[in-house]
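Asks: The amino acid sequence is not available; the structure is as follows:
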């Protein structure tokens with residue numbers, strides 16, 4: 001059997017702060033011609049809101065192509081991550097109602113592995 005050229009990813013120590021945080025991932029389906037406007041509004045309007053919430057640790061927006069967007073919020077506790085959903089739902093209803101976005105999935109879980117080069 002041939003040996004893989006990829007080295008195994010390191011596992012973080014249990015005392016690493018990131019490994020004790022929680023992430024909430026929200027997936028949206030957005031018409032492709034509205035993606036740039038959706039992301040512009042999120043950056044200018046929602047990022048300041050979510051980053052001011054208690055326990056906020058990070059925010060990522062992923063463009064998966066063909067109008068599929070995912071947003072990952074990282075918080076210190078599961079309760080804080082869950083509370084961010086209510087904030088996001090309210091903000092989207094108020095600030096993106098004129099766009100044709102549909103939230104298709106919400107996932108929340110503990111971060112078990114985090115690797116970064118830094």
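Replies: On my side now, so go ahead. Computed from a predicted model, the values in this text were never measured in an experiment.
Asks: Wasn't residue 107 part of a helix?
Replies: No. Remark: residue 107 does not belong to a helix; assigned using DSSP: H, G, I helix; E, B strand; the rest coil, it is strand.
Asks: That one: how many residues sit nearby?
Replies: Number of residues near residue 107 (other C-beta atoms under 10 Å) recorded here: 11. To be clear about C-beta, it is placed using only N, CA and C from the backbone, and glycine gets the same treatment.
Asks: And the pLDDT for it?
Replies: Among the per-residue scores, residue 107 holds a pLDDT of 96.
Asks: Now do the contacts for it.
Replies: Going by C-beta atoms under 8 Å, 6 or more residues apart in numbering, residue 107 touches 24, 25.
Asks: any idea how far residue 32 is from it?
Replies: Note on residue 107: its distance to residue 32, by C-beta to C-beta, to the nearest Å, is 23 Å.
Asks: No further questions, thank you.
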